[in-house]
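Colleague: mind looking at a prediction? Sequence and model below.
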Amino acid sequence: MNSSVQNILVDYSTKPFSYNGTADCCAFVCDIVKALTGRNLMESFRYNNEAEAEAAIKQYGTLKDLVTAIVGPSVPLKGYATGDIVVVQLSTGEWIVGVVLFDRIAVRTKKSLTDWPIEYATCRWRV
């Protein structure tokens, strides 16, 4: 894992969650993707609070629709690679985005930065 990704993981594990485009699940995934590929996915998805984030998602339909609009078509749920974007559903029913790091999904929830088994992915995009 490159040092930029390691720095992002440390940063997100210490800063509090906030729907401001810098400390939430989308920002986390976008920062990892940018560190791995140089591609800035946040250019087309800006928000300053939870209401704006929800409105942006609803503009596309669902979180999956938003990711597809920004990244492109999803790919089958097999052959995962580090940097792939995935969507997972929390036990609360809430949908969030995560990123594949080796054989796990790294996600920034409201409570913490954590990782989950790859089998939790419901949709995947290659970046």
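Modeller: Cool, the structure landed.
Colleague: how far away is residue 92 from residue 69?
Modeller: Remark: distance between residue 92 and residue 69 (C-beta to C-beta, to the nearest Å) = 25 Å. Glycine gets a C-beta too; all of them are placed from N, C-alpha and C.
Colleague: could you pull out the helices in this structure for me?
Modeller: 3-14, 25-37, 50-60, 63-71 (DSSP state H).
Colleague: show me how far the longest one is from its chain's centre.
Modeller: Going back to what we said before, that points to helix 25-37. The chain centroid and the centroid of helix 25-37 are separated by 7 Å, computed with C-alpha atoms, centre = their mean, to the nearest Å.
Colleague: check which helices and strands it sits against.
Modeller: Packed against helix 25-37 by the contact rule (3 or more C-beta pairs under 8 Å, 6 or more residues apart in numbering; DSSP states H and E) you find helix 3-14, strand 95-101, strand 104-108.
Colleague: and what of the first one?
Modeller: On a contact count with 3+ C-beta pairs under 8 Å, 6+ apart, helix 3-14 meets helix 25-37, strand 113-117.
Colleague: please identify the most buried of the ones you listed.
Modeller: Ranked by mean neighbour count, the helices and strands packed on helix 3-14 are led by helix 25-37 with a mean of 22 (mean count of other C-beta atoms under 10 Å).
Colleague: could I get that helix in PDB with only the CA atoms?
Modeller: Extracted in PDB, the C-alpha atoms of helix 25-37 (Å, rounded to 0.1, in the frame of the first residue of the first chain):
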ATOM      1  CA  CYS A  25     -18.000   7.800   3.200                       C
ATOM      2  CA  CYS A  26     -17.900   9.500  -0.200                       C
ATOM      3  CA  ALA A  27     -15.000  11.800   0.600                       C
ATOM      4  CA  PHE A  28     -13.100   8.800   2.000                       C
ATOM      5  CA  VAL A  29     -13.600   6.700  -1.200                       C
ATOM      6  CA  CYS A  30     -12.700   9.700  -3.400                       C
ATOM      7  CA  ASP A  31      -9.500  10.400  -1.500                       C
ATOM      8  CA  ILE A  32      -8.400   6.800  -1.700                       C
ATOM      9  CA  VAL A  33      -9.200   6.600  -5.500                       C
ATOM     10  CA  LYS A  34      -7.300   9.900  -6.100                       C
ATOM     11  CA  ALA A  35      -4.300   8.600  -4.200                       C
ATOM     12  CA  LEU A  36      -4.300   5.400  -6.200                       C
ATOM     13  CA  THR A  37      -5.200   6.700  -9.700                       C
END
